[in-house]
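> Structure here, sequence nowhere to be found:
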Ligand SMILES: [Zn+2]
């Protein structure tokens, strides 16, 4: 079970995918969510460095749970 975290964001310009949610059972327009992961490194003097990558998920707008993980290519294919 995975609930989206506030440091992530909706991927702008992507289409939603209408499908049944595995968690709440509603048929909803799942959106593409971008979630950073990995290490946040640096000090207060160099906050901008972020090691790591981003993961993409299809997220249900009703229960805010990630339905499944997308590859970066799949996420970019959702762009209209
Ligand atoms: Zn749901």
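Arrived safely. Just so it is clear, the structure is predicted and the values come from calculations on it, not from any experiment.
> what element comes up after the lengthiest strand in the chain heading to the C-terminus?
The residue-count maximum for a strand in the chain (DSSP state E) belongs to strand 27-37. Heading C-terminal from strand 27-37, the first helix or strand you meet, by DSSP states H and E, is strand 53-59.
> is the ion contacted by that following strand?
No: counting by CB under 5 Å from the ion, no contacts exist between strand 53-59 and the ion, the nearest distance being 8.5 Å. The way it works is simple: take the backbone N, C-alpha and C, and place the C-beta from them, glycine included.
> near the ion, which residues of this protein?
So far as CB under 5 Å from the ion goes, the chain lies against the ion at 21, 23-24, 60, 62-63.
> if we can go back for a sec, name the helices or strands packed onto the longest strand of the chain?
Counting contacts by 3 or more CB pairs under 8 Å, 6 or more residues apart in numbering; DSSP states H and E, strand 27-37 packs against strand 9-10, strand 17-20, strand 53-59, strand 66-70.
> Redo these as JSON lines? Include mean neighbour count, mean pLDDT and distance to residue 78.
JSON lines is the format used below for these (neighbours: other CB atoms under 10 Å; pLDDT from 0 to 100; distance: least, CB to CB, whole Å):
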{"stretch": "strand 9-10", "mean neighbour count": "13", "mean pLDDT": "92", "distance to residue 78": "11"}
{"stretch": "strand 17-20", "mean neighbour count": "13", "mean pLDDT": "96", "distance to residue 78": "7"}
{"stretch": "strand 53-59", "mean neighbour count": "19", "mean pLDDT": "90", "distance to residue 78": "9"}
{"stretch": "strand 66-70", "mean neighbour count": "18", "mean pLDDT": "91", "distance to residue 78": "8"}
